[in-house]
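*Asks:* Fold the following.
(chains A and B)
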Amino acid sequence: MTDATPLLELRGLGVQLPGDGGPRAVLHGIDLTLGAGEALGLVGESGSGKSMTMRAITGLLPPGAQLDGTVRFEGEDIAAMAPSTLRRYRDRGVGMVFQDPRAHINPTRRIGSFLTEALTLNRGLGRRAAQARAIATLSEVGIDEPERRLRQYPHELSGGMLQRVMIASVLLAEPRLLLADEPTTALDVTIQAEVVGILDQLRRDRGLGMVFVTHDLDLALAVCHRVAVMYAGRIVEVRSAERMHEENAHPYTRGLLGSRPAIDHRAERLTAIPGRPVSAFEAGPGCAFATRCAHVQPLCRERPPELAPFRGGLVRCHRVAEIHQETSDGTSSQEATA
Amino acid sequence: MNQQAGRTPSEAPAVSADGLGKVFRVPDGRGGHTTHAAVRDVSFEVAAHGSLGIVGESGSGKTTIARMLVGLERPSSGTIAVMGRDRSRPPRRGAERNRRAHELQIVFQDPYTSLDPRQSARSAVDEVIRHHTSLDGPQRAERLAELVDQVGLTNRQADARPCDLSGGQRQRVAIARALAAGPRVLVLDEAVSALDVSIQAQILNLLADIRAATGIAYLLISHDLAVVRQLCDDVLVLRRGRVVEQGACARVLDHPTQEYTRALRAAAPVPGWRPPGVAR
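*Replies:* Model (predicted):
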């Protein structure tokens, strides 16, 4: 691997799942790269394909799934990996943090056993050495009295505490890539802030690459360098987190931002997007967002738009330049009348 | 908002809770029992046609308050009244139970478990109209069509069973069903929390329209300050069963006086927000 090789590279990634009457596409033409130490957000609603992208990255797809395109980790195609290499990639290359830690930690075993099992079995550490590592890592994720925690069972810990244990267990494997799939969605908002703070700190301290999946665009913008907005199994906009609020251009991104109420004022009306999110296989031959888009033209329904550069980001929309023109004119005329 | 214009100062509050408390008996793990005070000395009012948001994190007691309002839990102390009528004790007879249901309805969080899977939306709503009104056949059909239209369901969706509807559509059915009883108060227990962002916005707009059109009072239970700000005039911040702070949304959320309210506000991801201890 040279310095130019990205940590993670997705090229033309597509996934089809078996369905009634033939395979159904759930993911389509995903191109993404991620460097070491970089945080990338995947943001979308139900069926947008964000979680399926995560599964494709680990090569853990549902039975019968058909994969197109390539997933490269440190330059190596995971589909071409020998079983032992693939196991090593899943074990030490990539770590995963899920939404519900309770569903991923054995409730009948103590925290200590959960954290040290892989260390003693796979890394050949002694019990004491493994415990010392577990204690140090628990401290690193902000858990107090780590020695006592090792003797506790999962049900004795709160959801936020257990999510930190989950993160600690991932760190013990020393991965280079961290996949976080809605890691704070089940947590209270004050705990969410602490947990994303920890993830962000760890990414910087350890130079981890992180893919952060969430439905909350503002949360993704707060912890990621770049954010990819997904809709119906496709990426519709990629932009740096810093510029997203000023430069967002895809009608769906704009709709998402307008949908979210604010804490500091009441909107007269939220600019809701009509209809409901569709899955990739429900989308027509044209733009997947055409059925809900206020700017739709016949062309949008006929031909799928490409993800193309626009104002410092990438946008998948035939009419993005015109829409930008119209809306920025609108803003200036409003300012003029105000 | 004709109903609101006709409001008089003498009108009883839609909901008033005074010194409300709920103590649960919980096993202590040694074969005995101990007590847990889920709600402690909570007092609030929802003005007629008003809207109050109760916000809190898990364990704050917000759902216990909602359950006491609808009669699923009995208060251990204090009183609750809806439209000036006490409901701190279980109803003595069926007529009283009906009257309480007629006055106050609830919409729950999970649109996937709050409807009968075998019943079409239309039939679910019709059942409630039949129970709570004395409308004849044609009038009932008219009311049904009105409700279906009011919550923005198409005729085809109204005839579908819940399994063929999306989460947002199901929540519209749940709202129509609650409105069918003709309530003066609607309790919304995290009613938009499980919805996708774009759908949540639709339902929030819908709820604002319904309140403007009917003058119904809302009591919104939520963990989300922004949702409360969008839908409610007043807010009550709850923590571990106690009231931390209450008042008009603009006052409490823009100028919180309590540390906990400030912490809740500071933890919510808004444009430009950074997690604690993070600098780039």
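*Asks:* Backbone dihedrals for the closest residue to chain A within the stretch 1-150 of chain B, please?
*Replies:* Nearest residue of the stretch 1-150 of chain B to chain A (Cβ to the nearest Cβ) works out as B:E57 at 3.8 Å. (C-beta placed from N, C-alpha, C; glycine too.) Phi and psi for B:E57, reported as degrees, to the nearest 10, are phi -90, psi -170.
*Asks:* Would you check that it makes contact with A:Q192?
*Replies:* No. Judged on Cβ atoms under 8 Å, B:E57 makes no contact with A:Q192 at a distance of 10.1 Å.
*Asks:* Between those two, which has more neighbouring residues?
*Replies:* Legend: neighbour count by other Cβ atoms under 10 Å in any protein chain shown for B:E57 and A:Q192, higher for A:Q192 (22 against 18).
*Asks:* ok, that one - contacts?
*Replies:* By Cβ atoms under 8 Å, 6 or more residues apart in numbering or on different chains, the residues touching A:Q192 are A:T184, A:L219, B:A267, B:P269.
*Asks:* quick one, what contacts the first one?
*Replies:* Each residue near A:T184 by Cβ under 8 Å, 6+ apart is listed here: A:Q163, A:I191, A:Q192, A:V195, A:V196, A:T214, A:L219.
*Asks:* ok, now the third one?
*Replies:* For B:A267, the residues meeting the contact criterion (Cβ under 8 Å, 6+ apart) are A:V189, A:T190, A:Q192, A:A193.
*Asks:* Neighbours of the closest residue to it other than its chain neighbours, how many?
*Replies:* For B:A267, ignoring the flanking residues on the chain, the nearest one in space by Cβ to Cβ, 6 or more residues apart in numbering or on different chains is A:A193 at 4.0 Å. Using other Cβ under 10 Å, A:A193 is surrounded by 26 other residues.
*Asks:* Secondary structure element holding A:A193?
*Replies:* For A:A193, the host element (DSSP states H and E) is helix A:189-206.
*Asks:* same question, A:V229
*Replies:* Element membership for A:V229, per DSSP H and E: strand A:226-231.
*Asks:* same question, A:M210
*Replies:* Going by DSSP H and E, A:M210 is part of strand A:209-214.
*Asks:* Show me the contact partners of the helix or strand that comes right after that strand.
*Replies:* With elements assigned by DSSP H and E, the helix or strand that comes after strand A:209-214 is helix A:217-223. By Cβ under 8 Å, 6+ apart, the residues outside helix A:217-223 that reach it are A:39, A:41-43, A:184, A:192, A:196, A:199-200, A:212, A:214, A:227, A:229, A:241, A:244-245, A:253, A:256-257, A:260, B:197, B:269-271, B:273-275, B:278.
*Asks:* Determine the longest helix present in chain B.
*Replies:* Taking DSSP state H as the criterion, chain B has its longest helix at helix B:197-214.
*Asks:* other SSEs contacting that helix?
*Replies:* helix A:251-259, helix B:167-180, helix B:225-231 (3 or more Cβ pairs under 8 Å, 6 or more residues apart in numbering or on different chains; DSSP states H and E).
*Asks:* Which elements pack onto the shortest one?
*Replies:* Pointing back at helix B:225-231 there. Helix B:225-231 is packed against strand B:51-55, helix B:197-214, strand B:217-222, strand B:234-239, helix B:249-254, with contacts defined by 3+ Cβ pairs under 8 Å, 6+ apart.
*Asks:* pLDDT wise, what is A:G284 at?
*Replies:* We have a pLDDT of 86 for A:G284.
*Asks:* got the angle between the helix or strand that contains B:R67 and strand B:217-222?
*Replies:* Here B:R67 sits within helix B:62-70, counting by DSSP H and E. Counting by axes from the mean of the first three to the mean of the last three Cα atoms, to 10 degrees, helix B:62-70 points 150 degrees away from the direction of strand B:217-222.
*Asks:* after helix B:62-70, next one along is what?
*Replies:* As assigned by DSSP H and E, the chain's next helix or strand after helix B:62-70 is strand B:77-82.
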